[in-house]
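1. Build the 3D model from these lines:
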Amino acid sequence: MSDDEMDLDDGPVDSSITFSTSEAKGKRSAANLPVEVGDSLPWVEKYRPQSLDDVSGHEDILKTITKFIDQNKLPHLLFYGPPGTGKTSTILALARRIYRTTSEAALRHHVLELNASDDRGIDVVREQIKTFASTKQIFSSAKTDATTISSTSQFKLIILDEADAMTSTAQNALRRIMEKYTANVRFCIIANYTHKLNAALLSRCTRFRFSPLPIAALRRRVEYVIENENVRIDPRAVEALLNLSRGDMRRSLNVLQACFAGSTPLDKNGVALTGSDVQRELITETTIYECVAAPHPEDIQAIMNTLLTEDMTTALLTVTRIKTLKGLALTDILQAVAEELCRLEVSPQVRVQWLAGLAEIEGRVAAGGNESVQTAGFAGVVKTGADMIAKG
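-> Residues are numbered from 1 along each chain as shown. So this is what the prediction gives:
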């Protein structure tokens with residue numbers, strides 16, 4: 001059979017039959033997770049949105065793609081943006097909407113999800129992707145829940161997660177497959193950085209940028225998890241969690257679960273107690289900052305006060321002492337201090353002096369500079385700006 005000809009699927013496979021090749025290497029997608037894992041799932045997966053109504057944030061993107069589906073004009077998609085902003089969750093929820101099923105086993109007949117950071121070579125494109133794309137659905141007119149599946153469901157869906165890790169050879173092979181089997185399959189390419197993707201590949205997709213989630217969207221999902229898991233947490237701790245997450249839903253849920261695990265009491269053998277009557281410790285603001293290893297606002301305020309008011313020797317000793325006792329990284333201190341300095345009402349010259357100096361220090365630290373030397377440089381930058389304020 002030539003490459004241009006298409007095979008036909010025989011229909012849904014009996015779920016009781018398993019094949020050794022059905023377990024793909026790399027991470028297991030949300031569509032491939034077995035039901036029996038239950039509560040052992042991390043909260044990131046346990047509370048992954050199952051429908052479009054559960055997806056927090058990016059309502060404008062969801063509205064646009066929903067119109068594509070309703071009009072049967074779904075193009076190849078490119079989702080890009082920072083991690084933890086809902087790219088994978090959105091496309092999986094869309095897949096359930098397209099094929100009108102909540103059964104993960106049924107969804108696997110229509111959707112192929114690959115983590116391109118593991119499956120990123122030319123062999124995967126030529127074998128797994130091409131084989132899946134070259135077969136055509138013949139049972140798309142079946143009825144589910146007494147409703148005829150939309151004509152969009154005649155297409156298969158291939159999700160390539162972390163596609164910016166694919167080799168250039170694999171990307172070149174992929175663009176040819178996207179052209180040849182457009183009548184049969186739709187691709188959703190997910191990446192953090194578009195500059196690592198082939199320009200010809202980008203031109204074949206409709207792009208949607210997922211920006212960091214707003215605080216309101218994070219709050220809705222975090223409070224939902226807190227209520228369902230009966231987490232004892234102080235309201236100030238919730239605010240700290242949302243601010244430190246910086247728009248990353250995955251990070252917020254991971255930190256929350258880590259703090260929840262740390263608040264669970266242990267028996268005399270060091271085993272966590274279970275049961276509805278177990279009284280867990282209250283998660284405080286300090287608990288959140290210690291879990292993330294981020295500088296506490298009180299520590300940042302102490303560093304600010306000493307740098308702006310004390311002499312250079314005293315200021316440097318104070319910063320070094322706080323940094324050592326609390327085990328803080330200079331990079332985290334730089335970011336927190338920069339945010340506080342931007343809130344001060346100072347002249348443009350002083351603000352430029354501070355920001356340019358801190359940016360240079362951060363660049364040196366990232367390049368492998370000695371932290372002790374750069375800590376002294378950081379103190380010098382802030383003190384120089386303070387002297388400029390004093391001189392008027």
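2. how about stretch 219-234 as CSV, C-alpha atoms only?
-> Extracted in CSV, the C-alpha atoms of stretch 219-234 (Å, rounded to 0.1, in the frame of the first residue of the first chain):
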residue,chain,number,x,y,z
ARG,A,219,-8.3,31.1,43.8
ARG,A,220,-11.4,29.4,42.4
ARG,A,221,-9.5,26.1,41.9
VAL,A,222,-7.4,26.2,45.0
GLU,A,223,-10.4,26.9,47.2
TYR,A,224,-12.3,24.1,45.5
VAL,A,225,-9.4,21.7,46.4
ILE,A,226,-9.2,23.0,50.0
GLU,A,227,-12.9,22.3,50.5
ASN,A,228,-12.8,18.8,49.0
GLU,A,229,-9.7,17.8,50.9
ASN,A,230,-10.7,19.4,54.2
VAL,A,231,-7.4,21.4,54.4
ARG,A,232,-7.0,23.5,57.5
ILE,A,233,-5.3,26.7,56.2
ASP,A,234,-5.2,30.3,57.3
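3. what comes up buried for it?
-> Buried residues in stretch 219-234, counted by 16 or more other CB atoms under 10 Å: 219, 221-222, 225-226, 231, 233. Glycine gets a C-beta too; all of them are placed from N, C-alpha and C.
4. What mean pLDDT does it get?
-> Mean pLDDT, stretch 219-234: 91.
5. picking up where we left off before, which of the buried residues of stretch 219-234 fall within helices?
-> 219, 221-222, 225-226 (DSSP state H).
6. wait, which of the buried residues of stretch 219-234 is closest to Glu339?
-> Arg219 (20.3 Å; CB to CB).
7. was I right about the closest one contacting Leu241?
-> No - applying CB atoms under 8 Å as the test, Arg219 and Leu241 come out as separate, 9.6 Å apart.
8. Please report how far the residue lying closest to Leu241 once chain neighbours are set aside lies from Ser56.
-> Excluding its sequence neighbours, the residue lying closest to Leu241 (CB to CB, 6 or more residues apart in numbering) is Ile288, at 5.2 Å. According to CB to CB, to the nearest Å, Ile288 stands 20 Å off from Ser56.
9. of the two, who's got more company?
-> Between Ile288 and Ser56, counting by other CB atoms under 10 Å, Ile288 is the more crowded of the two (26 against 19).
10. Could you check the pLDDT of that one?
-> 92.
11. ok, now the one 10 residues further on?
-> Each residue has a pLDDT score; the one for Glu298 is 90.
12. Quick check on it: phi, psi?
-> When read as degrees, to the nearest 10, the backbone of Glu298 gives phi -70, psi -40.
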